[in-house]
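Undergrad: Sequence first, predicted model second:
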Amino acid sequence: MEQAFFFYFAFVIAAASVLVIAVRNPIYSAMALLVMFFHVAGLYVTLHAEFLAAVQIIVYAGAILVLYLFVVMLLNMRQDDRYHRQWPMAAAVGLTLFIEAVILTAMKGWTAPPVATGRETTVGEAGNTEAIGDVLYSTYLFPFEVASLILLVAMIGAIILAKKDPEAVNSEG
């Protein structure tokens, strides 16, 4: 039964992920992203990580998706058609990422992460939330900080893209 749930969630996540990049309307793309976020939370529930499922819903499906929609509305992409001409670069970046993924999985010494046995485990007497916080701020501190810098760069990029062109403003007035 657990496999049936896993395959359901995996299929919907994969299908919604394809829709996020395949749909031309950015609002529909964001709605497909919302469906994907909810199904990722469902996967967390099947792994007995209820805290991560709640964080997935609150942070990603709530705050991050609202931020995406705000940026889409702020950019007003209907007036600007320069983004439609960037598919060759997007294809090159996608191919590069695919090749990197193949190389990483084929490397010697690569080991798969341990598979969950279905039993809840705790670190010492700490609960699920405390164990996540301990690992996040000790073992994975550097990747956590890198992720925050990537989000900062994305926010600055969205602000720069949304800013009005000063030459266009001067020519109108």
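TA: Thanks, I have the structure now. Numbering: from 1, shown residues only.

Undergrad: Next SSE downstream of the helix or strand Met73 falls within?
TA: Met73 is part of helix 65-75, with elements assigned from DSSP states H and E. Next helix or strand after helix 65-75 toward the C-terminus (DSSP H and E): helix 87-106.

Undergrad: Tell me which helix or strand comes right after that next one.
TA: helix 128-136.

Undergrad: Quick one: mean pLDDT over that following helix.
TA: Across helix 128-136, pLDDT averages out at 81.

Undergrad: do the same with stretch 88-97
TA: For stretch 88-97, mean pLDDT is 78.

Undergrad: quick one: contacts of stretch 141-161?
TA: Here stretch 141-161 makes contact (Cβ atoms under 8 Å, 6 or more residues apart in numbering) with Val71, Leu74, Leu75, Leu136, Tyr137. No exception for glycine: its C-beta is placed from N, CA and C like everyone else's.

Undergrad: the domain parsing of the chain - what is it?
TA: Domain ranges of the chain: 1-80, 126-173, per automatic domain parsing.

Undergrad: circling back to that earlier point, which parts of the helix holding Met73 are buried?
TA: Residues of helix 65-75 classed as buried: Leu65, Tyr68, Leu69, Val71, Val72 (neighbour count, 16 or more other Cβ atoms under 10 Å).
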